[in-house]
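Enquirer: Take this sequence and fold it.
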Amino acid sequence: MSEVQDKISGSGQIAYYVAESLEPVYREIAGLLGVSLGANLRVALDADQEASPGKQATPSQAVPQHSAEMSNREKMPNRWLLSNVDAILVEGISLTRLKELLLNYSEQQAKPLLLVCGPVSGENPGFRLKTFSFSLGTEGTRLLMEGRDYTEKGVGEPSFDLMLEEIREVLRREVRNYLELPPVPWGYAYAMTLTHDIDILSLKEMPIARTFLGYFYRSSLLNWKRWRSGKVKTAEFYRTIWEMVRTWAAKVGLGQDVWQRALPALLDLEKRLEVRSSLYFMPFPEKPGILPEHLREAKESAPANRAAFYDVAKYQTLLAGLEDGGWEAGVHGIDAWHDAQSARAEHGRVAGLTGRDELGVRMHWLYFQSPDSFEALGKGGFQYDATFGFNEVIGFRAGTLQPYHPLNCQTLWELPLHIQDGALMGEEHLNLNREDAFRKAQPILDFAKRFGGAVSLLWHNQSFTAPRFWGEVYERLIVQGREDGAWIALPRDVLRWFTGRRRCRVELAVKGTHWQISCDLADQERIPLAPSRLAGQSIPVAQSTRLDLADLSATSDPLVPRIPPIRIRLQIEPKRVKSISVPYEVGEGYIDFPAQTLIRLEVEGED
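Expert: Here you go, the predicted model:
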């Protein structure tokens, strides 16, 4: 600690006192926790640095600014910063350093609770103390930036979300009238994004080489093995044989091959289910790209079968039609992971065809090299990356269901990938039948019901027809999401919601029985809400009230993006609340509201 300066950052009722090296990740942790940061995230410098205002920070001390509310860093005295703090998250410092903070509290004032993450040294100077076994910032940095290897134990559990929830549970118990912004859109249980990597649009576009011949291998010998093991039905087995005949005919110009009909089948399915998805297109044809260093042996070039054999420029009408129909066209990157120049070229290629700069990217074959890839994609102009997941298994590479900002980026979002078709049912990976694949994926949706966030699904377009027939599992997961109450939306719209959550600031004012929650909604859309049908009524503790989804928006057009309100959660015994000016939901020990400029409550009993 002698070489690293400590900082203390306040955020209303919650503050953070961590080592300098952990400040970037704790800025992101504040956003993931859903703790309102106020107008600025202020940093109190220690006495030595305050005495030398002209001293310049070293590069290692530079902190990336992730959003507008974090753009100002002001030197403020600790007595101002901690005047209304109920809890302090601590990591990487000695408890002895906290002794000076005792000077800010009178004998009548309750001292804040210290939430200590990981090993701690020094003597407790008299604060209440709660120690956690994990180092939240250190582990968070690893998970958000490097991620877990698919062979690690427990990749099927959101380890970072579990740590954050343990922190939340203590804050909910110990902080009086604790306000938070859960990662759960109002009116829904969680968010779900549907995505598709468009590796191939037609077999007849391809040379008679590995990928083309591989289709016939999978349709013949592997299809027979899958039929024998019950992974395809008898009708599907014979249909696959017939599709091989049709594909050879299409190769010589007679009709369409099986994969030409795959994308229309996918779009028809989503029209029927009344959902929309993001489709990532390869930006350049016949370009396999660069091989990541950890995969290189004798050559730098990726295998030839990684290249696309369609030219996306010839499909501009398709891309325009997708955007007009409510879908989202993005980039299935080749070398964007490697450097900013390639990222800009691949972004520009698809942006020029769609007329949209707000594009997402997922790297082909999930090629990635952290932390450099995050920086390259951010400089390339992408709104978000959706690569951070596994080819081999399903689960949580980043340990979280929430989108987040990589710690070395200012604007890029990472939308982690959780469930992939090939990982579940591919013969080289888990190789499950359709029923087992659905059951394997279902716990991820269960975690989303528990923690919120955004579940991300990846299904390739060729999975919706012979010889795979994997569309059934995709449809069942969508139906399950609907039954769970998921908001199924485009990635760009889900990220608009999470951006609004980060920027929303809430404050509670209490005057006797009259309570007010004020919300600074920044630049969020203000969505009209129906007047509360429950205002003026008492609220039984066991009652749970959900607003009808029709009340959330002024439009019912499914193609018009509808961003749900931010959810505000007040930790209070519900039976104390006699009336509320807005719709609400009741839980055990809390009440949720949709974010509005002003929310009024009538509350009985002592504050």
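Enquirer: contacts, neighbours, all on C-alpha from now
Expert: Fine.
Enquirer: How about the contacts made by the most centrally placed residue in the chain?
Expert: In the chain, the residue lying closest to the centroid (CA atoms, centre = their mean) is P403, at 2.1 Å. Residues in contact with P403 (CA atoms under 8 Å, 6 or more residues apart in numbering) are 413-416, 453-454, 495, 498.
Enquirer: of the residues you listed, buried ones?
Expert: Neighbour-count burial (16 or more other CA atoms under 10 Å) applied to the contacts of P403 gives 413-416, 453-454, 495, 498.
Enquirer: Make a markdown table from those residues and add secondary structure and pLDDT to it.
Expert: Formatted as a markdown table, the buried ones among the contacts of P403 follow (DSSP: H, G, I helix; E, B strand; the rest coil; pLDDT from 0 to 100):
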| residue | secondary structure | pLDDT |
| --- | --- | --- |
| W413 | strand | 98 |
| E414 | strand | 98 |
| L415 | coil | 98 |
| P416 | coil | 98 |
| G453 | coil | 98 |
| A454 | strand | 98 |
| L495 | helix | 98 |
| F498 | helix | 97 |
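Enquirer: Let's have those residues in JSON lines, adding distance to L273.
Expert: Shown next, in JSON lines, are those (distance: CA to CA, whole Å):
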{"residue": "W413", "distance to L273": "28"}
{"residue": "E414", "distance to L273": "27"}
{"residue": "L415", "distance to L273": "23"}
{"residue": "P416", "distance to L273": "24"}
{"residue": "G453", "distance to L273": "22"}
{"residue": "A454", "distance to L273": "19"}
{"residue": "L495", "distance to L273": "22"}
{"residue": "F498", "distance to L273": "25"}
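Enquirer: Now flag whichever of these is closest to I599.
Expert: Of all the buried ones among the contacts of P403, F498 has the smallest distance to I599: 21.2 Å, by CA to CA.
Enquirer: what ranges do the strands span in the stretch 1-150 of the chain?
Expert: 6-11, 14-19, 42-44, 87-91, 113-117, 128-132 (DSSP state E, counting those that start in this stretch).
Enquirer: for the fifth one, what is the average pLDDT?
Expert: Taken as a whole, strand 113-117 carries a mean pLDDT of 92.
Enquirer: ok, it: who's next to it in the sheet?
Expert: Using DSSP bridges, the strands paired with strand 113-117 are strand 87-91 (parallel), strand 128-132 (parallel).
Enquirer: Kindly export it (C-alpha atoms) in CSV.
Expert: Only the C-alpha atoms of strand 113-117 are listed here, as CSV (Å, rounded to 0.1, in the frame of the first residue of the first chain):
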residue,chain,number,x,y,z
LEU,A,113,-21.1,-0.4,8.6
LEU,A,114,-17.9,-1.5,6.9
LEU,A,115,-18.3,-4.1,4.3
VAL,A,116,-14.8,-5.6,3.9
CYS,A,117,-14.2,-7.6,0.7
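Enquirer: By mean pLDDT, flag the weakest helix or strand of this structure.
Expert: In the chain, the helix or strand scored least confidently by mean pLDDT, DSSP states H and E is helix 47-50, which has a mean of 31.
Enquirer: could the strands of the stretch 1-150 of the chain go into TSV alongside distance to G255?
Expert: Compiled in TSV, the strands of the stretch 1-150 of the chain are given as follows (distance: least, CA to CA, whole Å):
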stretch	distance to G255
strand 6-11	64
strand 14-19	65
strand 42-44	65
strand 87-91	65
strand 113-117	63
strand 128-132	64
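Enquirer: Using JSON lines, please lay out those together with distance to A320 and mean neighbour count.
Expert: JSON lines is the format used below for the strands of the stretch 1-150 of the chain (distance: least, CA to CA, whole Å; neighbours: other CA atoms under 10 Å):
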{"stretch": "strand 6-11", "distance to A320": "44", "mean neighbour count": "22"}
{"stretch": "strand 14-19", "distance to A320": "47", "mean neighbour count": "23"}
{"stretch": "strand 42-44", "distance to A320": "45", "mean neighbour count": "21"}
{"stretch": "strand 87-91", "distance to A320": "49", "mean neighbour count": "23"}
{"stretch": "strand 113-117", "distance to A320": "50", "mean neighbour count": "22"}
{"stretch": "strand 128-132", "distance to A320": "51", "mean neighbour count": "14"}
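Enquirer: Distance from the chain centre to the longest strand along the chain, please.
Expert: What stands out as the longest strand in the chain, according to DSSP state E, is strand 190-198. Relative to the centre of its chain, strand 190-198 is centred 11 Å away, using CA atoms, centre = their mean, to the nearest Å.
Enquirer: Who are the packing partners of that strand?
Expert: The contact analysis (3 or more CA pairs under 8 Å, 6 or more residues apart in numbering; DSSP states H and E) places strand 190-198 against strand 278-281, strand 454-458, strand 486-488, helix 491-503.
Enquirer: right, and the ones you listed - which one's nearest L318?
Expert: Of the helices and strands packed on strand 190-198, nearest to L318 by CA to CA is strand 278-281, at 11.0 Å.
Enquirer: Which neighbouring elements make contact with the closest one?
Expert: Applying 3+ CA pairs under 8 Å, 6+ apart, one finds that strand 278-281 contacts strand 190-198, strand 328-333, strand 360-363.
Enquirer: neighbouring strands for the shortest one, and are they parallel or not?
Expert: When sheet partners are counted by DSSP bridges, strand 360-363 sits next to strand 328-333 (parallel), strand 384-385 (parallel).
Enquirer: circling back: export the helices and strands packed on strand 190-198 as TSV, with columns for distance to I200.
Expert: Formatted as TSV, the helices and strands packed on strand 190-198 follow (distance: least, CA to CA, whole Å):
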stretch	distance to I200
strand 278-281	9
strand 454-458	15
strand 486-488	25
helix 491-503	22
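Enquirer: if you compare those, which one is most tucked away?
Expert: Of the helices and strands packed on strand 190-198, the one with the most neighbours on average (mean count of other CA atoms under 10 Å) is strand 278-281, at a mean of 26.
Enquirer: Just after it, pick out the following helix or strand.
Expert: Using DSSP states H and E, the helix or strand that follows strand 278-281 in sequence is helix 316-324.
Enquirer: got the CA positions of that following helix in PDB?
Expert: The C-alpha trace of helix 316-324 is given here as PDB (Å, rounded to 0.1, in the frame of the first residue of the first chain):
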ATOM      1  CA  GLN A 316     -28.200  -4.800 -48.900                       C
ATOM      2  CA  THR A 317     -31.900  -5.200 -49.700                       C
ATOM      3  CA  LEU A 318     -32.100  -8.000 -47.100                       C
ATOM      4  CA  LEU A 319     -30.400  -5.900 -44.400                       C
ATOM      5  CA  ALA A 320     -32.700  -3.000 -45.100                       C
ATOM      6  CA  GLY A 321     -35.700  -5.300 -44.900                       C
ATOM      7  CA  LEU A 322     -34.600  -6.700 -41.600                       C
ATOM      8  CA  GLU A 323     -34.200  -3.200 -40.100                       C
ATOM      9  CA  ASP A 324     -37.500  -2.100 -41.500                       C
END
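Enquirer: Now do it, average pLDDT.
Expert: Mean predicted lDDT for helix 316-324 stands at 96.
Enquirer: Contacts only, for the nearest residue to K379 once chain neighbours are set aside.
Expert: Using CA to CA, 6 or more residues apart in numbering and skipping residues adjacent in sequence, the residue nearest K379 is A340, 5.7 Å away. By CA under 8 Å, 6+ apart, the contact list for A340 reads 375-380.
Enquirer: same check, this time on F388
Expert: Contact analysis of F388 by CA under 8 Å, 6+ apart lists 147, 366, 397-398, 414-417.
Enquirer: can you tell which of the helices and strands packed on strand 278-281 is closest to L269?
Expert: In terms of CA to CA, the element of the helices and strands packed on strand 278-281 nearest to L269 is strand 190-198, at 12.4 Å.
Enquirer: what pairs with the closest one, and is each one parallel or antiparallel?
Expert: strand 278-281 (parallel), strand 454-458 (parallel), strand 486-488 (parallel).
Enquirer: In TSV, list the contacts of A340 along with secondary structure, pLDDT and neighbour count.
Expert: Listed next are those as TSV, based on DSSP: H, G, I helix; E, B strand; the rest coil; pLDDT from 0 to 100; neighbours: other CA atoms under 10 Å:
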residue	secondary structure	pLDDT	neighbour count
E375	helix	97	21
A376	helix	98	23
L377	helix	98	29
G378	helix	97	23
K379	helix	97	18
G380	coil	98	22
